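Engineer: structure, please.
(one chain, ligands or ions: 1)
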Amino acid sequence: MYDTKQQWFKDAKYGLFIHWGLYSVLAGEYQGKRTDRIAEWIMNHLNIPVEEYEKLAKQFNPVDFDADAIVKKAKSWGMKYIVFTAKHHEGFAMWDSRCSDYNVVKATPYGRDIVKQLREACDKYDMKLGFYYSQAQDWHDPDGYMYTKDNSQKNYRAYLERICFPQLRELLTGYGEVALIWFDTPMGTTAEESREMVELVKSIQPNCIVSGRIGNGLGEYMTTGDNFIPRLPFEGDWEVPATLNDTWGYNKYDNNWKSPDEIIHLLVKINSRGGNYLLNIGPKATGEVPQESIQILDTVGEYVNSNEEAIFGTKRVGIYAYELDWGMLTRKDYRIYVHVFKPRIRIELLNIGNKIKRAYLVPDGRELKFETGITCEGCSMIEVEIPDDYHDRKNYSVCLETEEAEPVFEPIVS
Ligand code: JFZ
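Structural biologist: Okay, here's the model as predicted:
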């Protein structure tokens, strides 16, 4: 079973992914050609030569980037950690790397360290900060994976020693307490090489978590496929990395935004199955975060903040026999939370056999009338009355305090 041994990660439930690099300059389009794939892959998908792609650095001048504002927003959205793409597959370092001048300080007119600015803002707002680091793919280095589509000529060992290991060391020694390293796409990395990476991380920061995509089964938590949600509750620590539209890096043509309601449902679904939701924003080349992302996350944030206790620190719910068409369940010890996504006069639950001590409305703590009993068919039934002023509302939660530490789910019998 995956175990990060870090309580903050088990409790977090909701985090912010930030995909930002030179690809944001292209914003999904190169020489009039649009990519129909994730925008941070544009160099690869449209076969942009390294000498051409490199020139994007000269255009990278994100004067509107405001680390403080982004972290403050993440905090207001109720998120508990941030993962930033310190180096994505394009190979460009978003900090002042000593290993390669292909970095934001030395190669751009902007000339300022992005990682450092995020670090300072995260310290100010008491936010956990982790780094995405592409350990194998590096499209800018002849010894990185996918520099050419044929990987047989590269010397990966040389890459590891020249770039990967020293850059990890830089990130782990120069930027405070690193919550996690989000490794990705290990490709041909051997078990021995993955182990070296883990040992390097742990030797510098023993509490720094190693993500699922370190490869070779060495991750400390399970990372699902992007936007993929396990159908069943999944034991141990895990996380779903997910997008608000259909891209990670900024794409000016992608307007396929999910609605705030959809995001709320996904968050609660993932939490109820035991996982964390790592939700992405892709800033523009100016540093500005797309307005649509901000609006969606602001609205989701209202739900998260007013129902905080039904989200943070919750534990995986076992298998309840029914899927509710109006809501979902989360839980803590001695508490079942009923998330209500559609207007209701009362909530009715069958086949939950707990003894209920008390029911209350999570957003304002109001006590609710409830009844429990046995139906004519012989199964347990709970009815909770929703106050008049909430009859037309959606998106709130109700807490059922129970005698038992865990939900007592009954099988369906007829
Ligand atoms: C990777 C990256 O290639 C992508 O650009 C983005 O950063 C994303 C978060 O991660 O893409 C993957 C990697 C692994 C899977 C899916 C997409 N997977 O295991 O299903």
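
Engineer: correct me if wrong: residue 30 contacts residue 48.
Structural biologist: Yes - Residue 30 is in contact with residue 48 according to Cβ atoms under 8 Å; the separation is 5.9 Å. No exception for glycine: its C-beta is placed from N, CA and C like everyone else's.

Engineer: what's the overlap in contacts for these two?
Structural biologist: residue 42 (Cβ atoms under 8 Å, 6 or more residues apart in numbering).

Engineer: all helices of the stretch 51-200 of the chain, in order?
Structural biologist: For the stretch 51-200 of the chain, the helices defined by DSSP state H, counting those that start in this stretch occupy 56-59, 67-76, 114-124, 156-159, 165-174, 191-204.

Engineer: which stretch among those helices comes nearest residue 103?
Structural biologist: In terms of Cβ to Cβ, the element of the helices of the stretch 51-200 of the chain nearest to residue 103 is helix 56-59, at 8.7 Å.

Engineer: what parts of the stretch 151-300 of the chain come near the ligand?
Structural biologist: When proximity is defined by Cβ under 6 Å from any ligand atom, the stretch 151-300 of the chain lies next to the ligand at 184-185, 225-226, 241, 248.

Engineer: so which of these sit within strands?
Structural biologist: residue 241 (DSSP state E).

Engineer: by mean pLDDT, point me to the weakest helix or strand of this protein.
Structural biologist: Every helix and strand of the chain was ranked by mean pLDDT, DSSP states H and E. The lowest is strand 222-223, at a mean of 95.

Engineer: can you list the residues that contact that strand?
Structural biologist: 2, 211-213, 234, 236-239, 241.

Engineer: over to stretch 145-154?
Structural biologist: 44, 50, 89, 136-144, 156, 185, 187-188.

Engineer: of all those, which comes closest to residue 353?
Structural biologist: Looking across these and measuring by Cβ to Cβ, the closest to residue 353 is residue 185, at 46.0 Å.

Engineer: how about stretch 129-145 and the ligand, touching?
Structural biologist: No - judged by Cβ under 6 Å from any ligand atom, stretch 129-145 stays clear of the ligand, getting no closer than 6.7 Å.

Engineer: doesn't residue 20 belong to a strand?
Structural biologist: No - counting by DSSP: H, G, I helix; E, B strand; the rest coil, one finds residue 20 to be coil, located in no strand.

Engineer: name the element the residue positioned nearest the centre of the chain belongs to?
Structural biologist: For the chain, the residue sitting closest to the mean C-alpha position, by Cα atoms, centre = their mean, is residue 278 at 0.8 Å. Residue 278 is part of strand 276-281, with elements assigned from DSSP states H and E.

Engineer: which secondary structure elements does that strand contact?
Structural biologist: strand 14-18, strand 238-242, helix 260-272, helix 291-306 (3 or more Cβ pairs under 8 Å, 6 or more residues apart in numbering; DSSP states H and E).

Engineer: mind giving me the packing neighbours of the last one?
Structural biologist: In terms of contacts (3+ Cβ pairs under 8 Å, 6+ apart), helix 291-306 is packed against helix 67-76, helix 260-272, strand 276-281.

Engineer: what's the answer for the second one, then?
Structural biologist: Contacts defined by 3+ Cβ pairs under 8 Å, 6+ apart place strand 238-242 against strand 14-18, strand 222-223, strand 276-281.

Engineer: turn those into JSON lines, columns for distance to residue 81.
Structural biologist: Listed next are the helices and strands packed on strand 238-242 as JSON lines, based on distance: least, Cβ to Cβ, whole Å:
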{"stretch": "strand 14-18", "distance to residue 81": "4"}
{"stretch": "strand 222-223", "distance to residue 81": "14"}
{"stretch": "strand 276-281", "distance to residue 81": "8"}
